[in-house]
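S.K.: coords please:
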Amino acid sequence: MGVQVVYLCMFIREKRNSSGSVSVQIISKSSGKYKVVKTIGSSSNEQEILKLVYLGKQEIERISCQPKLFVSENDTIVERVFSVLNNADVRTVGPEIIFGKIYDHIGFKAIQEDLFRHLVIARLAFPLSKLKTIDYV
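M.R.: Residues are numbered from 1 along each chain as shown. A predicted model of the protein is given here:
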């Protein structure tokens with residue numbers, strides 16, 4: 001096989017093993033020597049090998065941190081919107097609707113204390129934030 005895909009100074013190499021399977025590796029060449037950067041996996045199934053080559057290409061993109069040549073306008077808009085958001089900006093819509101039904105289904109509706117119901121639902125909606133629990137109640 002021996003197919004090589006070139007990405008800057010890194011390559012995807014398909015190396016046939018003595019067992020008959022094919023290993024997919026990310027190879028870097030510097031100063032005339034080849035160095036295995038990462039082994040993606042090995043298989044004897046042709047479809048699985050193609051999948052490993054594709055995963056290797058993705059890994060090279062991640063490692064090299066090079067900008068993509070063809071950036072979609074939709075992708076840039078989505079990235080701009082999500083880059084502005086923080087965890088505090090994301091809110092659960094209708095925790096009473098979702099968690100209230102679960103609360104009732106489990107059988108906690110037998111407890112007639114409204115404050116307990118609100119505290120349980122608030123802790124389910126915001127499990128890490130005591131401040132958000134206070135705001136919710």
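S.K.: going forward, measure contacts between C-alpha atoms and count neighbours the same way
M.R.: Noted.
S.K.: Name the surrounding residues that touch the lengthiest strand in the chain.
M.R.: Secondary structure of the chain read by DSSP state E shows that its longest strand is strand 33-43. Outside strand 33-43, the residues that touch it by C-alpha atoms under 8 Å, 6 or more residues apart in numbering are 21-29, 49, 52, 55-56.
S.K.: go with 7 Å
M.R.: Contact with strand 33-43 is made by 21-29, 49, 52, 56, as judged by C-alpha atoms under 7 Å, 6 or more residues apart in numbering.
S.K.: Okay, strands next: where are they in this protein?
M.R.: Per DSSP E, the chain carries strands over the ranges 4-7, 10-16, 22-30, 33-43.
S.K.: Figure out which of these is closest to S129.
M.R.: Among those, the nearest to S129 by C-alpha to C-alpha is strand 33-43 (39.3 Å).
S.K.: And the average pLDDT for the closest one is what?
M.R.: Averaging pLDDT along strand 33-43 gives 89.
S.K.: One more: stretch 57-66?
M.R.: 79.
S.K.: And for stretch 106-122?
M.R.: Stretch 106-122 comes out at a mean pLDDT of 86.
S.K.: The top helix by length along the chain vs strand 10-16, what angle?
M.R.: For the chain, the longest helix by residue count, based on DSSP state H, is helix 46-64. Interaxial angle of helix 46-64 relative to strand 10-16 (axes from the mean of the first three to the mean of the last three C-alpha atoms, to 10 degrees): 150 degrees.
S.K.: Kindly reformat the strands of the chain as JSON lines and extend each row with mean neighbour count.
M.R.: Putting these into JSON lines (neighbours: other C-alpha atoms under 10 Å) gives the following:
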{"stretch": "strand 4-7", "mean neighbour count": "15"}
{"stretch": "strand 10-16", "mean neighbour count": "21"}
{"stretch": "strand 22-30", "mean neighbour count": "20"}
{"stretch": "strand 33-43", "mean neighbour count": "15"}
